[in-house]
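Enquirer: Give me coordinates for this.
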Amino acid sequence: MTETDYQALEFAYCPHADQQCATPATHPVVVVGAGPVGLTAALDLAQRGVRVVLLDDDHKLSTGSRAICFAKRTLEIWDRLGLGERMTSKGVSWNVGKIFFRDEEVWRFDLLPEPGHRRPAFVNLQQYYAEGFLYEAAAQHPLIDLRWKNKVVDVSTQPDGATLRVDTPDGPYTLRAQWLIACDGARSPIRKMLGQEAHGRVFKDRFLIADVKMTASFPSERWFWFDPPFHPNQSVLLHRQPDNVWRIDFQLGWNADPAEAVKPANVLPRIRALLGADTPFELQWASVYTFACERMDTFRHQRVVFAGDAAHRVSPFGARGANSGVQDADNLAWKLAAVLEGIAPDTLMDTYASEREAAADENLLNSTRSTDFITPKCAVSRHFRNATLRLAREHPFARGLVNSGRLSLPSVYADSPLNTPDSEHESYAGRMVPGAPASDAPVRDARHHDAWWLSMLDGRFVLALFHDEALPVSTLDALREIAQNSPMPLQLVLVATATVTASSATDFTSVHDHEGCLAQRYDARPGTWYLIRPDQHIAARGREVESQRIVRALRRALGQA
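Expert: Predicted coordinates for the structure are as follows:
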């Protein structure tokens, strides 16, 4: 079977009945931008029963590798959408990174040192594959109306929605959206149409990306060089991608001419200096980029919300761009679906803005620090960096200061108003605090089949109760009553510890923590419960079932408190 060439795909423009309406058609949600973030948002909403119109001004997917490092959390989000396995199978999985200073290795690190996780720390996958897989899923979904060559040329906002003027090969037409999601990239025309700006810092440096096809014996690791002999006084990053394609990033300096730098006559000598004069390779794609660390002041403007690069932009070091954008979509979709269904108040969408603005600030801070370390702008900064790299060979304290890009981790919404604080009488160990993304672990389902914890969570609110013996009828009835009083559909999960078998109650999801890994990661003893949001972040937890406390936590997590 021939594999699809996603870079060569072209999508036909198709006229729509909306273009002939005397009165503009109104849709619940319009998403602008069919990149990874817009496609993820559309799929997530559609799987929650929301009709989505997805507009894109182009008729192609991206070309070249672009965003290539997709993090474990992003893969887990795509698992929920049915695409995680496809992304992982095609991608190149990696957990290990190596740091070189000149011609010596000074440090190596493992981003996933513990076993018992379904997904690796990262997979490398060219952006056109990620977009292609997402596109194919969106094109098959009956609730997604994907319109190519539909360019939004004007937007106005109203308290109850937004009005869009859309240009097409057949001329312009007008659409109304109850909610508009702007995923239209770093230059975001919609942001400009609303008179909004992104604020931050632009870095005066340039980097060359080269996609090189070759057969090489390098392991599937992230290699980063500071001041290597083959590219002195600059930095170089090497990553393996599928199809024997390798991504190489060369720092060029601010004075480099972008038009000259991408010419093969200038690209090829740099690659040969790295690989050796006798290594055969084929240059597939090259591009020069500059970058900025910036974000909008707020991601929500009445019924218009911004996600991905349209809302925030970071340097590529740390793989925080596309990953944070997909996590925007993950945070946004369940909240918007709840608002549209009338289950949650409109103000729940304010928490999309506040949670993801805090996440953007965290990414911007880490990205700025990485860039300052990689590209020092004065002699003092360079001396500090080089001394740190020399010390890192022997001294662990220095390794914590080495910064070739603090790699993407999901944000913990520690200060979210949706969290219910722990009871002052209860104590916990570990990372599963309110606001944290739920950790995965190996489990067995009710039929004794091997499974993964996150795959047991179906996109609803989840109330999970750990037990080590058959639960009394009174406890099961209390859980059922909580579900009946829940303001939103609630999945009940009984987690049996390693010493007992899973529950046979048919109206519960039953899980067997046969290795004890889940209880260890959640510091769960018998009677411990966790309330988990639809985006798999922890909303609340407790040591014993208290119906009123759990229902209050549910209402708070829906913004009803």
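
Enquirer: buried ones in stretch 86-105?
Expert: Judged by neighbour count using 16 or more other C-beta atoms under 10 Å, the buried positions of stretch 86-105 are 86-88, 90-101. Where you see a C-beta, it was placed from the backbone N, CA and C, and this is true even at glycine.

Enquirer: Stretch 286-293: how far from the chain's middle?
Expert: Distance of stretch 286-293 from the chain centroid (C-alpha atoms, centre = their mean, to the nearest Å) equals 20 Å.

Enquirer: any idea of the mean pLDDT for it?
Expert: Average pLDDT, stretch 286-293: 88.

Enquirer: now swap in stretch 148-162 and tell me
Expert: Mean pLDDT, computed over stretch 148-162, is 97.

Enquirer: And it, what's buried?
Expert: For stretch 148-162, using 16+ other C-beta under 10 Å, the buried residues are 148-152, 155, 161-162.

Enquirer: of the residues you listed, closest to residue 452?
Expert: Nearest to residue 452, judged by C-beta to C-beta, of the buried residues of stretch 148-162 is residue 148 at 36.0 Å.

Enquirer: thinking that closest one is in contact with residue 59, fair?
Expert: Yes: if you go by C-beta atoms under 8 Å, residue 148 and residue 59 touch, sitting 4.5 Å apart.

Enquirer: and residue 97, helix, strand or coil?
Expert: Residue 97 carries the three-state label strand when classified by DSSP: H, G, I helix; E, B strand; the rest coil.

Enquirer: Go ahead and confirm it touches residue 219.
Expert: No: Residue 97 is not in contact with residue 219 according to C-beta under 8 Å; the separation is 11.0 Å.

Enquirer: how about low-confidence regions in the stretch 401-550 of the chain?
Expert: The stretch 401-550 of the chain contains residues with pLDDT under 70 at 498-506.

Enquirer: What segments of the chain are helices?
Expert: Under the criterion DSSP state H, the chain contains helices at 36-47, 72-80, 84-90, 127-140, 189-193, 258-261, 264-275, 321-340, 348-374, 379-392, 396-399, 473-485, 517-521, 547-557.

Enquirer: what angle separates the fourth one from helix 321-340?
Expert: Orientation note: helix 127-140 sits at an angle of 20 degrees relative to helix 321-340 (axes from the mean of the first three to the mean of the last three C-alpha atoms, to 10 degrees).

Enquirer: Send me helix 127-140 as PDB with only the CA atoms.
Expert: Presented in PDB, the C-alpha positions along helix 127-140 are these (Å, rounded to 0.1, in the frame of the first residue of the first chain):
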ATOM      1  CA  GLN A 127       3.900  18.400  11.200                       C
ATOM      2  CA  TYR A 128       2.400  17.400   7.800                       C
ATOM      3  CA  TYR A 129       1.900  13.800   9.200                       C
ATOM      4  CA  ALA A 130       0.200  15.100  12.300                       C
ATOM      5  CA  GLU A 131      -2.000  17.500  10.300                       C
ATOM      6  CA  GLY A 132      -2.700  14.700   7.700                       C
ATOM      7  CA  PHE A 133      -3.900  12.200  10.400                       C
ATOM      8  CA  LEU A 134      -6.000  14.900  12.100                       C
ATOM      9  CA  TYR A 135      -7.400  16.000   8.700                       C
ATOM     10  CA  GLU A 136      -8.500  12.500   7.800                       C
ATOM     11  CA  ALA A 137     -10.300  12.100  11.100                       C
ATOM     12  CA  ALA A 138     -12.000  15.500  10.800                       C
ATOM     13  CA  ALA A 139     -13.000  14.800   7.200                       C
ATOM     14  CA  GLN A 140     -14.800  11.600   8.200                       C
END
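
Enquirer: Excluding chain neighbours, what is closest to residue 376?
Expert: Leaving aside its chain neighbours, residue 376 sits nearest to residue 382 (4.2 Å; criterion: C-beta to C-beta, 6 or more residues apart in numbering).

Enquirer: closest to residue 459 out of the helices of the chain?
Expert: helix 72-80 (5.9 Å).

Enquirer: which strands and helices sit next to that closest one?
Expert: On a contact count with 3 or more C-beta pairs under 8 Å, 6 or more residues apart in numbering; DSSP states H and E, helix 72-80 meets helix 36-47, helix 84-90, helix 321-340.

Enquirer: Please identify the deepest-packed of these.
Expert: helix 36-47 (a mean of 28; mean count of other C-beta atoms under 10 Å).

Enquirer: which other residues reach that helix?
Expert: With C-beta atoms under 8 Å, 6 or more residues apart in numbering as the test, helix 36-47 has contacts from 29, 31-32, 52, 54, 56, 67, 77-78, 80-81, 127, 130-131, 134-135, 137-138, 141, 143-144, 146, 181, 183-184, 307-309, 322, 325-326, 328-330, 332-334, 336-337, 459.

Enquirer: do stretch 299-307 as well
Expert: Contacts for stretch 299-307 (C-beta under 8 Å, 6+ apart): 37-38, 41, 155, 157-162, 177-183, 188, 190-191, 194, 196, 296, 311, 325, 328-329, 332, 336, 349-350, 352-353, 356-357.

Enquirer: Can you give the distance of stretch 194-211 from its chain's centre?
Expert: 20 Å.

Enquirer: That one - what's its average pLDDT?
Expert: On average, stretch 194-211 scores 91.

Enquirer: Check which residues of it are buried.
Expert: 194, 196, 198, 200, 203, 205-211.

Enquirer: send the alpha carbons of it over as PDB?
Expert: Provided in PDB are the C-alpha atoms of stretch 194-211 (Å, rounded to 0.1, in the frame of the first residue of the first chain):
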ATOM      1  CA  LEU A 194     -10.100  42.800  16.600                       C
ATOM      2  CA  GLY A 195      -7.400  45.400  17.300                       C
ATOM      3  CA  GLN A 196      -5.500  43.100  19.600                       C
ATOM      4  CA  GLU A 197      -1.800  42.600  19.900                       C
ATOM      5  CA  ALA A 198       0.700  40.100  21.300                       C
ATOM      6  CA  HIS A 199       3.300  41.500  23.700                       C
ATOM      7  CA  GLY A 200       6.700  40.100  24.600                       C
ATOM      8  CA  ARG A 201      10.200  39.800  23.400                       C
ATOM      9  CA  VAL A 202      11.600  39.300  19.900                       C
ATOM     10  CA  PHE A 203      15.000  37.600  19.800                       C
ATOM     11  CA  LYS A 204      17.600  38.900  17.400                       C
ATOM     12  CA  ASP A 205      18.900  35.600  16.100                       C
ATOM     13  CA  ARG A 206      18.300  33.400  13.100                       C
ATOM     14  CA  PHE A 207      18.300  29.600  12.700                       C
ATOM     15  CA  LEU A 208      18.400  27.400   9.700                       C
ATOM     16  CA  ILE A 209      16.200  24.300   9.600                       C
ATOM     17  CA  ALA A 210      17.300  21.600   7.200                       C
ATOM     18  CA  ASP A 211      15.500  18.300   6.600                       C
END
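
Enquirer: Start at 40, not 1
Expert: Right, with 40 as the first residue, what we last looked at is stretch 233-250.

Enquirer: ok, now which ones touch residue 526?
Expert: Listed by C-beta under 8 Å, 6+ apart, the contact set of residue 526 reads 382-383, 593-594, 597, 599.

Enquirer: Which members of these are classed as buried?
Expert: Using 16+ other C-beta under 10 Å as the burial test, these include 382-383, 593-594, 597 as buried.

Enquirer: As TSV, those with pLDDT would be great.
Expert: Shown next, in TSV, are the buried ones among the contacts of residue 526 (pLDDT from 0 to 100):
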residue	pLDDT
382	94
383	96
593	96
594	96
597	97
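
Enquirer: In JSON lines: these, plus distance to residue 273.
Expert: Formatted as JSON lines, the buried ones among the contacts of residue 526 follow (distance: C-beta to C-beta, whole Å):
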{"residue": "382", "distance to residue 273": "54"}
{"residue": "383", "distance to residue 273": "50"}
{"residue": "593", "distance to residue 273": "53"}
{"residue": "594", "distance to residue 273": "55"}
{"residue": "597", "distance to residue 273": "51"}
